[in-house]
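Student: structure for the following, please:
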Amino acid sequence: MHPCRNLQPSPSCEDASMNDTVHKQRGLTIVEALVTMVILMIVLGGVYQIFQSVTLTYRMQAGLSRVQENGRFALDFITRDVRQAGYRGCVSSGPLTNTLNNATDWAYDFNVGVFGYDDVGTSVSDLENLPTRAGSDVIVVRTMAGDSVQLVQNKESANLTVEVTSDEPKACDGAQRVSGLCEGDILLISDCVKSRVFQISSFQKIPAGLRIVHGVSGDPGNMPEYASWGGASAPDNERFGPDSEIMKVATLIYHVRDNFALYRKEGTAAAQPLVEGVETMQVLYGEDTDGDGIVNEYVVADEVGDWERVRSIQIGLLMRTMEEIRGMDPHTKPYDVLETEFGPYNDRHIRRVFTTTIGLRNRLK
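Tutor: Have a look, this model is predicted:
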């Protein structure tokens, strides 16, 4: 008989019972260890799946946010300039005299406010072999490029001279600057009846302020036959009186290049990148074919009958992330951008289509 059996509990008996229990719990069996490992693997697998899902969601949301932001910025840039296409101050139409040399060159033909190229391939020879992305359109806008100043006085002179209220001229890329204008800038002067395009030759300091001189020097320079117009005794069709508006004008070119970036080129200066992630740009032109001031149809650039009858423009952009989103399923659907289909691309870039319609304020009734 066990010495502690049927006896009152004692410390020695309790110690013996504990020793028996400890002796029995020597470790886990193989089955128990395997079950534990399986449970741990299931838990860790679930945690990893949650981590992967959260990470993918974050990457997709970040990519989508960037695409939406870039698309909005790109349309804002284009809209701002296209809306002002053909702006001539307070006169929306009427005679425009271009005194520049090479007045019909793409950079200086300010009689045409807007025009474009459809699916130009890899370069536009008409625009100094401007590199563009195949399948993307190009839009050319001629508009004001800064704030306007008012003409104060226009006296007799061998050249056109006008006085403007301004501070002393300051450095401007090696030239002079006044009222936001630089020597060599292309200007438009308008008096609500007529307008004229000319280039600043130089500034002259006079007691009343600063005088803008219209001469033959410069690039492209003014034609010699227009060297003396606009004085006080000039014919009515050449005279510009006080309060005429003077502004800088420029030719702006929006295009997409093979690095998936939207570029803006001003005149003959180097093109500047604006927004990344642009797959293609498509442009349709709303033409008023019957002269009633209402758009009759939207057509591509090659089908425009008369650029002066364009009243509005539709811009379509296919935006994409610059890098593929790891873990995302490939996109296998095509994208419709203003009735032109692109894709399917079968890659992991997030893409979105952005469109807008822009009215040309200077041609709408």
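
Student: which residues are in contact with Asp118?
Tutor: Contacts for Asp118 were tallied using C-beta atoms under 8 Å, 6 or more residues apart in numbering; they are 137, 283, 300-302. C-beta here means a position set from N, CA and C on the backbone, and glycine is covered the same way.

Student: now do 7 Å
Tutor: Contact partners of Asp118, counting by C-beta atoms under 7 Å, 6 or more residues apart in numbering, are 137, 300-302.

Student: what residue ranges in this protein score low on pLDDT?
Tutor: Counting by pLDDT under 70, the chain has low-confidence residues at 1-28, 92, 155-180, 205-210, 231-232, 365.

Student: and the most centrally placed residue in the chain, which of the three is it?
Tutor: In the chain, the centroid-proximal residue (C-alpha atoms, centre = their mean) is Ala74; its distance is 3.2 Å. Three-state secondary structure (criterion: DSSP: H, G, I helix; E, B strand; the rest coil) places Ala74 in helix.

Student: can you pull the contacts of it?
Tutor: 262, 274-275, 278, 317.

Student: equivalent analysis for Ser312, please.
Tutor: Taking C-beta under 7 Å, 6+ apart as the contact definition, Ser312 lies against 286, 295, 357-360.

Student: make it 10 Å
Tutor: Taking C-beta atoms under 10 Å, 6 or more residues apart in numbering as the criterion, Ser312 is in contact with 82-83, 284-288, 295, 298, 357-360, 363-364.

Student: now, those that are in strands?
Tutor: Secondary structure assignment (DSSP state E) places 284-287, 298, 357-359 from the contacts of Ser312 within strands.

Student: quick one: Glu308 is in a helix?
Tutor: Yes. For Glu308, which was evaluated using three-state DSSP, the result is membership in a helix.

Student: confirm for me that it is in contact with Leu96.
Tutor: No. Counting by C-beta atoms under 10 Å, Glu308 does not reach Leu96; the two are 11.6 Å apart.

Student: the stretch 201-350 of the chain: helices as residue ranges?
Tutor: Remark: no helices are assigned in the stretch 201-350 of the chain by DSSP state H, counting those that start in this stretch.

Student: can you give me the strands for it?
Tutor: 202-206, 209-214, 245-257, 261-266, 272-276, 278-287, 297-299, 310-320, 335-337, 340-342 (DSSP state E, counting those that start in this stretch).

Student: returning to what we had before: export the ones in strands among the contacts of Ser312 as CSV, with columns for distance to Ser202 and neighbour count.
Tutor: CSV is the format used below for these (distance: C-beta to C-beta, whole Å; neighbours: other C-beta atoms under 10 Å):
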residue, distance to Ser202, neighbour count
Leu284, 44, 25
Tyr285, 39, 25
Gly286, 42, 22
Glu287, 42, 21
Tyr298, 46, 18
Thr357, 43, 13
Ile358, 37, 19
Gly359, 39, 14
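
Student: out of these, flag the one nearest to Val114.
Tutor: Of all these, Val114 sits closest to Tyr285, with 8.0 Å by C-beta to C-beta.

Student: can you pull the contacts of Gly267?
Tutor: Here Gly267 is in contact with 106-108, 142, 145, 185-186, 249-253 (C-beta under 10 Å, 6+ apart).

Student: just to revisit the earlier point, what sits in contact with each of Glu308 and Leu96?
Tutor: When contacts are counted by C-beta under 10 Å, 6+ apart, the set common to Glu308 and Leu96 consists of 86, 111.

Student: end to end, how far does stretch 331-344 reach?
Tutor: 7 Å (C-alpha to C-alpha, to the nearest Å).

Student: so how far is it off the chain centroid?
Tutor: For stretch 331-344, the distance between its averaged C-alpha position and the chain's averaged C-alpha position is 21 Å (C-alpha atoms, centre = their mean, to the nearest Å).

Student: cool, and stretch 263-277?
Tutor: In terms of C-alpha atoms, centre = their mean, the centre of stretch 263-277 is found 9 Å from the chain centre.

Student: how far does that stretch stretch from start to finish?
Tutor: End-to-end distance of stretch 263-277: 12 Å, with C-alpha to C-alpha as the criterion.

Student: repeat for stretch 95-106
Tutor: With C-alpha to C-alpha as the measure, the first residue of stretch 95-106 is 19 Å from its last.

Student: which parts of that stretch are buried?
Tutor: For stretch 95-106, the buried set under the neighbour-count rule, 16 or more other C-beta atoms under 10 Å, comprises 96-101, 103, 106.

Student: just name the closest of these to Arg239, please.
Tutor: Proximity of the buried residues of stretch 95-106 to Arg239 was ranked by C-beta to C-beta; the top entry is Thr97 with 12.3 Å.

Student: can you confirm the closest one is in a strand?
Tutor: Yes. Assessed with three-state DSSP, Thr97 lies in a strand.

Student: Thr29: which of the contacts of Gly267 is nearest?
Tutor: Checking those against Thr29 with C-beta to C-beta, the nearest one is Ile253 at 78.8 Å.
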